[in-house]
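Trainee: just coords:
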């Protein structure tokens with residue numbers, strides 16, 4: 001827990017490799033991506049607390065779509081045709097790339113590639129965990145912040161009396 005310019009903040013790395021960041025007023029998840037080589041700059045994707053549930057649903061739908069597209073792709077004769085589909089902003093489906101096949105939240109990052117149902121469930125569990133954890137930690141941070149605010153007020157009153 002850090003105190004940043006008068007505000008407390010909690011940060012934790014999630015199993016889905018995102019960074020959960022919580023402060024007394026809200027929370028979000030940050031993903032940081034490095035490109036496949038130095039030609040690509042590092043970028044981040046932020047998922048606000050209000051978007052996490054819809055992001056989970058989108059990942060589940062993208063996985064179903066990936067399985068459908070993979071079946072179609074397997075049936076086609078021309079397997080040289082690499083396919084990259086933007087399922088929704090921030091979620092991509094890749095086919096025919098061997099080591100980079102699956103769904104991802106960054107268009108060129110293989111480190112966050114979801115290639116199995118098990119890993120998809122691990123990512124979803126991490127996102128659901130973040131919802132529960134954030135509620136609990138926000139309450140704690142608000143309590144600490146309020147306690148310190150009251151202590152400061154008491155200290156100020158005592159210094160005025162002296």
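Mentor: Received the coordinates, thanks. Fair warning: this is a prediction, and the values are worked out from it, not measured in the lab. Residues are numbered from 1 along each chain as shown.
Trainee: how about the strands in this structure?
Mentor: Along the chain, the stretches classed as strands by DSSP state E are 2-4, 7-13, 19-23, 26-33, 43-48, 83-88, 91-95, 102-104.
Trainee: Return the list of helices and strands in contact with the last one.
Mentor: The criterion is 3 or more Cβ pairs under 8 Å, 6 or more residues apart in numbering; DSSP states H and E, and the helices and strands that strand 102-104 contacts are helix 52-75, strand 91-95. (Each C-beta comes from the backbone N, C-alpha and C, glycine too.)
Trainee: and of those, who's closest to residue 151?
Mentor: The minimum distance between residue 151 and those falls on helix 52-75, with 33.9 Å, by Cβ to Cβ.
Trainee: so the closest one versus strand 26-33, what angle?
Mentor: Going by axes from the mean of the first three to the mean of the last three Cα atoms, to 10 degrees, helix 52-75 is angled at 30 degrees with respect to strand 26-33.
Trainee: Go through the helices and strands packed on strand 102-104 and pick out the most buried.
Mentor: strand 91-95 (a mean of 21; mean count of other Cβ atoms under 10 Å).
Trainee: Please enumerate residues in contact with that one?
Mentor: 58-59, 62, 65-66, 69-70, 73, 82-87, 100-107, 113 (Cβ atoms under 8 Å, 6 or more residues apart in numbering).
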